[in-house]
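Engineer: Quick check, what structure comes out for this input:
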Amino acid sequence: MSDLLSVSGLTAGTEDKTILHDIDLGIEAGKSYVLMGPNGAGKSTLGHVIMGDPQYTVTSGTIAFEGRDITSETPDKRSLAGIYLSYQAPVEIPGVPLYSFLRTICQKRPELKMTSRQFRQRVNEVCEQLSMSTDYLTRDLNVGFSGGEKKKVEMLQLLLLQPKLAILDETDSGLDVDALSVVSRGIEAYRSTCDGALLIITHNTRILERINVDQVHVMVHGNMVSSGPSSLIDEIDREGFAKYEAMLAQKAQGELA
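Structural biologist: All right, here's what the predicted structure looks like:
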């Protein structure tokens, strides 16, 4: 089966710093992947580069989605193609009610267009599915929301948009038990109702306890150092990332020898 997303030889960073080094990553439709690594490993940067975040520049390599090169495409085009990124720290947008925002982004996707009545019914169904109050819908997008509330809203977006590829960036960061439960239900609902692929970026294993993971990738200092089965999660939970940092150091020494 050909990959839904194919990242080949990707090197990228900001104007003054290279963050990602020769990254290769393949993601198949219908599967769940986890990207782990210590803080500062470049995990979030990779998610943002896949999404086309303009603060990062790709200096070599390619990103292909459904067999089409999207390396130079803007974030809005990638979004319309079916890529979704949940942000580690969602921004607040005063003056834009959550309901209006959701309605607008769904109207941009031809396959998601529906009447106002149908859309309201669908939003209410998803809120009920996530045990979210519909009072959220009348508030300005993320304004005054707690960290947990912002993550709940991102799960609402995920289930409404049903993207072909969902990238969840540190979705479990700072969540209490209630919010973590909502996020877990959102992920489970996405996996059960959509044949899209899921890439979870995290350095914590809590969010992974209720998810069937197909493959784990480990990053250290902007390098992809290992890939393997879901059993790597338990190993990392017990032993941390020291093993993988040593692997990268040994590789670097070998290249210098």
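
Engineer: could you pull out the helices for this protein?
Structural biologist: Taking DSSP state H as the test, the helices found in the chain are 43-51, 75-81, 98-107, 116-129, 147-161, 177-193, 231-239, 242-256.

Engineer: quick one, which of these is packed in tightest?
Structural biologist: Most buried of those by mean neighbour count (mean count of other C-beta atoms under 10 Å) is helix 43-51; its value is a mean of 23. Every C-beta, even on glycine, is put in place using the N, C-alpha and C of the backbone.

Engineer: Let me see the mean pLDDT of it.
Structural biologist: Helix 43-51 shows an average pLDDT of 97 in the prediction.

Engineer: show me where pLDDT drops low in this protein?
Structural biologist: Within the chain, the segments meeting pLDDT under 70 span 1, 174, 255-257.

Engineer: Can you tell me the centre-most residue of it?
Structural biologist: Geometric centre of the chain, nearest residue: residue 167, 1.8 Å, by C-alpha atoms, centre = their mean.

Engineer: my guess is that one meets residue 196, correct?
Structural biologist: No - in this structure, residue 167 is not within contact of residue 196 by C-beta atoms under 8 Å, at 10.8 Å.

Engineer: coming back round to it: may I see the helices of the chain arranged in CSV, with distance to residue 60 as well?
Structural biologist: Formatted as CSV, those follow (distance: least, C-beta to C-beta, whole Å):
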stretch, distance to residue 60
helix 43-51, 12
helix 75-81, 19
helix 98-107, 32
helix 116-129, 40
helix 147-161, 31
helix 177-193, 33
helix 231-239, 28
helix 242-256, 17
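
Engineer: do you know which of the ones you listed lies nearest residue 8?
Structural biologist: Minimum separation from residue 8 across the helices of the chain (C-beta to C-beta) falls at helix 43-51, 12.3 Å.

Engineer: who's in contact with the closest one?
Structural biologist: Residues outside helix 43-51 that contact it (C-beta atoms under 8 Å, 6 or more residues apart in numbering) are 5, 7, 10, 12-13, 19-20, 23, 25, 35-37, 55-56, 58, 63, 75, 78-79, 83, 85, 88, 167, 169-170, 199, 201-203, 219, 222.

Engineer: Wait, residue 12 touches residue 18, no?
Structural biologist: Yes - between residue 12 and residue 18 there is a contact under C-beta under 8 Å: 7.5 Å.

Engineer: From the contacts of helix 43-51, list just the buried residues.
Structural biologist: Buried members of these, counted by 16 or more other C-beta atoms under 10 Å: 5, 7, 10, 12-13, 19-20, 23, 25, 35-37, 56, 58, 63, 78-79, 83, 85, 88, 167, 169-170, 199, 201-203, 219, 222.

Engineer: Now do the contacts for residue 220.
Structural biologist: 37-38, 41, 241, 244-245, 247-248.

Engineer: circling back: give me the common contacts of residue 12 and residue 18.
Structural biologist: Contacts common to residue 12 and residue 18, judged by C-beta under 8 Å, 6+ apart, are residue 59.

Engineer: hang on, the earlier thing: and the contacts of helix 43-51, which of them are in strands?
Structural biologist: Among the contacts of helix 43-51, the members found in strands (DSSP state E) are 5, 7, 10, 12-13, 19-20, 23, 25, 35-36, 58, 63, 83, 85, 167, 169, 199, 201, 219.

Engineer: thought residue 56 was touching residue 11?
Structural biologist: No - using C-beta under 8 Å, residue 56 is not in contact with residue 11, being 10.8 Å away.

Engineer: still on that earlier bit, can I get the contacts of residue 220 in TSV with distance to residue 96?
Structural biologist: Output for these, formatted as TSV (distance: C-beta to C-beta, whole Å):
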residue	distance to residue 96
37	34
38	36
41	33
241	39
244	41
245	43
247	46
248	43
